[in-house]
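Engineer: quick one, structure for this:
(one chain, ligands or ions: 1)
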Amino acid sequence: MSDISPLLRLDVVDLRIDGRDVLRGITCVSDARRIAVLGRNGSGKTTLARVMAGLKAPTGGTVHIAGVDVARDRRGALGAVGILFQNPDHQIIFPTVGEELSFGLSQMGMTKVAVTDRVEQVLAQFGKSAWHDAAIYQLSQGQRQLVCLMAILAMAPKVIILDEPFAGLDIPTMMHLSRVLESTDAALVHITHDPRIVAHYDHVLWIEGGAVQMQGAAAEVAPAFEAAMTELGKRDDLSDIAG
Ligand SMILES: Nc1ncnc2c1ncn2[C@@H]1O[C@H](COP(=O)(O)OP(=O)(O)OP(=O)(O)O)[C@@H](O)[C@H]1O
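Structural biologist: Okay, here's the model as predicted:
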């Protein structure tokens, strides 16, 4: 571990909602460039993703991304971590692409001129300068997901959290967005229930019932997860479905 702050540092993270412990004592320290959070339905993946992005404050413990306490330092968090959800419509707030891309940059404290320059630069980088004044609702789902991705990349975060962002996309769109993500400097935290896609990940965090079940190299964690899930799947008892 380097002497500078690790990329991801979760210290005994708890989240209690309506008297229910949704996240329980999650601890993870990693400098890996490719981290996966693996878990079955209802295990707490999306909730953990929101907590890691600073969108929800933990009720116990702390989350630091690249040294920023994301729950307490919201402006710092914008430059540290971005999150891409499955449904771009849960993310988009503005009617036009230009406005959507500008918002986070303004929140980071950039001047109006700097924001305008940065938005033009990012749109040009993706060959989408013509989209500046486009109405977002007229774009396809894949195009809206690209808008969300451009908005995140404009802020150049150190870490990007992916909460199944490719689920509703066709294969070419998914491949295109994957290539864009793979070429960024940001470290990726991929939220998934699928052990097959974590094979090339450096660190895998398996969560079960809101707590860490196992973490470490993909070669150890993914087969253990798959075996446990297959065993659960053989049962006919629907009470095993988490949630
Ligand atoms: N705001 C909330 N209020 C009450 N319970 C919640 C809330 N948010 C999440 N939960 C509960 O926390 C648990 C974890 O939910 P979460 O959506 O994080 O799981 P997940 O692993 O992402 O599931 P899936 O793969 O099915 O999307 C679930 O039991 C869910 O019902």
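Engineer: quick one: what helix or strand has residue 63 in it?
Structural biologist: Using DSSP states H and E, residue 63 falls within strand 60-65.
Engineer: buried residues in that strand?
Structural biologist: Buried positions in strand 60-65, judged by neighbour count with 16 or more other CB atoms under 10 Å: 61, 63-65. C-betas here are computed from N, CA, C, even on glycine.
Engineer: okay, those residues in a markdown table with distance to the ligand and pLDDT next?
Structural biologist: Formatted as a markdown table, those follow (distance: CB to the nearest ligand atom, whole Å; pLDDT from 0 to 100):
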| residue | distance to the ligand | pLDDT |
| --- | --- | --- |
| 61 | 16 | 97 |
| 63 | 15 | 97 |
| 64 | 21 | 97 |
| 65 | 19 | 97 |
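Engineer: columns distance to residue 112 on top of those residues, output as TSV?
Structural biologist: Output for the buried residues of strand 60-65, formatted as TSV (distance: CB to CB, whole Å):
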residue	distance to residue 112
61	38
63	31
64	31
65	27
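Engineer: re earlier: packing partners for the following helix or strand past the strand holding residue 63?
Structural biologist: Moving toward the C-terminus from strand 60-65, the next helix or strand (DSSP H and E) is strand 68-69. Applying 3 or more CB pairs under 8 Å, 6 or more residues apart in numbering; DSSP states H and E, one finds that strand 68-69 contacts helix 74-80.
Engineer: got the CA positions of the helix it packs on in PDB?
Structural biologist: C-alpha atoms of helix 74-80 as PDB (Å, rounded to 0.1, in the frame of the first residue of the first chain):
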ATOM      1  CA  ARG A  74     -19.700  16.900  -1.200                       C
ATOM      2  CA  ARG A  75     -17.700  19.200  -3.400                       C
ATOM      3  CA  GLY A  76     -14.600  17.100  -3.000                       C
ATOM      4  CA  ALA A  77     -16.600  14.000  -3.700                       C
ATOM      5  CA  LEU A  78     -17.600  15.300  -7.100                       C
ATOM      6  CA  GLY A  79     -13.900  15.200  -8.200                       C
ATOM      7  CA  ALA A  80     -13.300  11.900  -6.400                       C
END
